[in-house]
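In: got a sequence here, can you model it:
(chains A and B)
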Amino acid sequence: MQLDLTDDQSLFHQTTLRFIETELPLDQTRSLHDDPQGYTRSWLRKSGEIGWFAMLVPEAYGGGSVSGTGLLDAVIVSEELGRTMQPGPFIPMNIVASALASGGSDAMRSDVLPQIIAGEEVATWAHADGRGNWDDGSSLALERSGSGLRLSGTRGFVQDAVSADWLLVVATTDDGPVQALVRADDPGVHVRPLTCLDLSRRLADVDFDGVQVSPDAILDTAGSDLLEAQLLLAAVLVCADTVGAIDALLAMTVAYAKDRIAFGRPIGSFQALKHVLADQALYLETCKAGAVAAAKAVATGADNAPEIVSMVAAYIGDVSNELAQECLQVHGGIGYTWEHDLHLFLRRVRSNAVLYGEPTWHRERVCAFHDRSDGALR
Amino acid sequence: MSEASVDLDQYRATARRWLDANVARRDERAELRSAHEISADQLAQDRALQRVMYEAGYVGIVVPVQYGGLGLSRRHLQVWREESAGYAVPAPGGIASHVTLGIVLPTILAHANETQKREWIPKMLSAEEIWVQLLSEPGAGSDLAGLLTRATADGDAWVLNGTKIWSSGALSADYGICLARTDWNAPKHRGLTMFKVPLRDERVSVRPVREINGSAEFCEEFLDDVIVTDDMVIGEVNAGWPIANAMLAIERSGVAGQIDVAGDGSSQRSLAPDLVELASDHGTLGDKGVRQLIARAHINDYMQGQLAKRVSMAIMAGTANPSLASYIKLGLGLVQPQRAALAMDIAGRSAIAWSASDGGGNAASLNFLNGRIMSIAGGSNQIQRNIISERILGLPREPSVDSDKPFRVVLREAKSWGSKS
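Out: Residues are numbered from 1 along each chain as shown, chains lettered A, B, ... in the order given. Down below sits the predicted model:
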């Protein structure tokens, strides 16, 4: 996806490819589809060993990345995860790790963070309301209760809550949004698994029924800046995952169009299909360009990074689904079978387009940035 | 600081001083003239200024010295472009000047013989000769190799007859680089020859083509027994097709070369200003649906910019498949009609009728009429899709019914297409 990998990044990329090929190649991911957790802890620990959860954490806290720009390295991994339908909490683990490094207490940094980085403990991010919308925590209240605090409400569509040890929840107080790190097995935390379109992921609603929280569990956040930073990271990583998935999907479809014979010719020799595939190739190339631009904007702290991320997320969200549909169309009947891998990708990219803001939401956000900056849309 | 950068800095300073002393600042309104609106006086004045510029060493910066250029690096050219951007650098034939220097000259440089290059290129640089492309015909656009303009040998000369169209700025031009059929018994791609053809010749008539928007950017040329000598043949007889193909590739990569690869997308920092203004005129800026439309246009503009940047960088790095340029072209060909349609949706009824004081609906309707320019001109969307699918994705070519037969036979058989033989 990126044109200019450093030597170290290329090596890291190779390590990632080898790990996936050895541990969980695409054709073996199906064995986990009926598993309630969707992945195994031993696999997660091994992925921790090769650095999958360290990239967004500074070295001072036990993290580190090959290029020194962790987000770009994480994008390399995320793309391969999408390409090979890897399960597991890669994005939420990295978001929580990054949040703890930026705003966690000393205790979180010394006790929890190393466990996450090592893949020993699973942490996920509960950022959305019961309908999966970004609500700055408003559907989960954090209130005073005696000497401590109490969480009441719901978080929706929480990835891998079923297998998590830790939940980083977004809640509101009278002073605005805050984030609290709570144990998933704390009394009053109820995880309700959902049936998922994407067979490679596990989502759940989580109810907080007066969950007692120590003041030490609150992250030090200046307003909602940290929250916004986490959203950008998550959106960049999920875009990369989608790019990997549609790259694989289009390659698979082009190969099929060359092999499949009908009317005495490979079907890929008919302009009716060639032109569809050329359009999809254009969209894929544009998605790649956008995903790299968004990653670089966030990595370099560009002042318009939030807008770039929303533009790219809206575009990739829409276009990836169109691309997946057209790939199904080119495959015809075989693509409609359970045995064919096509639907795994179709499910994943559709799910990706929703997890960290739907295209419509990102487009409205793009307008809102301009409302604020120059009043153009008021 | 390296020697090279000192050299470039000095070059920049000298160029800046020269521009300031010799060339006026840009007037964008004057640049909007279409070619047929350029008066003879204006043309002469602009030619004179280009000649001054040429003699000062600012035309043909990367062209080899033996052909009248400066033989400097592309970085010098880039410095010159940056410094001259704000100045009214002359383009004597309007778009035709850009065609002459940007498309025809590199083609001549690559395919003409030594004598031709030494004689013709300095005249292009000094604006003594303005050239246009005579390629498309009323009956040959996407299928350029199916063209019907004929060149018949007559002793050591050639007689040309036919009609050419879509040549930009031909009314101001002196010559055309013209693809004509020289062998009707050869397969279509192997019977074509490239010629230099005089346009200011009594046997050539040039007329503007009035387009659907009412203006006239392009011309049509009628060649009626135009005689050119043998030394006007560019390359070998019947070997014109590869030259035409190379010229089209130069045209496409020219689009890629104009992309600001170092830019940060700052040109897109305001939100589709034309659409915001349109919605503002209609009081629909607060409408959720309209906001979605505006955001879509803004995002498509941004993504197209990022695509162009990515592809241009890959092509400039030299290792990429040159057909990648078709992504930029197809992208524009898809985005622009969509954008024009979006604007019409926002404008509503004001884009079907407007008063003199209401500019928004008028502009939207003009874009609506112009929306298909990039999806047709310079290789239609369908042609780009063929290039992408065959040369990038490696899909099989369509079976051809016309590339191996004598072209004469192809024409005859096409007339009875579909009827049982």
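In: what helix or strand is the nearest residue to B:Asp281 once chain neighbours are set aside on?
Out: Leaving aside its sequence neighbours, B:Asp281 sits nearest to B:Gly360 (CB to CB, 6 or more residues apart in numbering or on different chains; 4.6 Å). All C-beta spots, glycine's among them, are computed from the backbone N, C-alpha and C. According to DSSP states H and E, B:Gly360 maps onto helix B:359-370.
In: packing partners for that helix?
Out: helix B:273-281, helix B:325-347 (3 or more CB pairs under 8 Å, 6 or more residues apart in numbering or on different chains; DSSP states H and E).
In: just the C-alpha atoms of the shortest one, please, in CSV.
Out: Coordinates of each C-alpha in helix B:273-281 appear next as CSV, following Å, rounded to 0.1, in the frame of the first residue of the first chain:
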residue,chain,number,x,y,z
PRO,B,273,-16.5,26.6,-2.7
ASP,B,274,-18.7,26.6,-5.9
LEU,B,275,-21.2,24.2,-4.3
VAL,B,276,-21.2,26.0,-1.0
GLU,B,277,-22.0,29.2,-2.8
LEU,B,278,-24.7,27.5,-4.9
ALA,B,279,-26.4,26.1,-1.8
SER,B,280,-26.0,29.4,0.0
ASP,B,281,-27.8,31.2,-2.9
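In: next SSE after it?
Out: That would be, after helix B:273-281 and using DSSP H and E, helix B:288-316.
In: and that following helix, how far out from the chain middle?
Out: 22 Å (CA atoms, centre = their mean, to the nearest Å).
In: now swap in stretch A:145-155 and tell me
Out: 28 Å.
In: contacts for that stretch, please.
Out: Applying CB atoms under 8 Å, 6 or more residues apart in numbering or on different chains, the contact partners of stretch A:145-155 are A:126-130, A:139-144, A:167, A:169-171, A:180, A:182, A:188, A:205-215, A:217-218.
In: just the helices and strands packed on helix B:359-370: most buried one?
Out: Burial of these is given as mean neighbour count (mean count of other CB atoms under 10 Å in any protein chain shown); helix B:325-347 ranks first at a mean of 22.
In: so for that helix, mean pLDDT?
Out: Averaged across helix B:325-347, pLDDT comes to 94.
In: dump the residue contacts of A:Ser139.
Out: Taking CB under 8 Å, 6+ apart, one finds A:Asp129, A:Gly130, A:Gly153, A:Thr154, A:Arg155, A:Gly156 in contact with A:Ser139.
In: ok, the first one to chain B distance?
Out: This points to A:Asp129. 20 Å (CB to the nearest CB, to the nearest Å).
In: quick one, strands of the stretch 1-150 of chain B?
Out: Per DSSP state E, counting those that start in this stretch, the stretch 1-150 of chain B carries strands over the ranges B:131-134, B:150-154.
In: just name the most buried of these.
Out: Mean neighbour count, computed with mean count of other CB under 10 Å, is highest for strand B:131-134 among the strands of the stretch 1-150 of chain B, reaching a mean of 30.
In: what pairs with that one, parallel or antiparallel?
Out: strand B:175-181 (parallel) (DSSP bridges).
In: so after the partner strand, what's the next helix or strand?
Out: Once the chain leaves strand B:175-181, the next helix or strand it forms, by DSSP H and E, is strand B:192-198.
In: show me what the next helix or strand after that following strand is packed against.
Out: Tracing the chain past strand B:192-198, the next element assigned as helix or strand by DSSP H and E is strand B:204-209. Judged by 3+ CB pairs under 8 Å, 6+ apart, the packing partners of strand B:204-209 are strand B:218-229.
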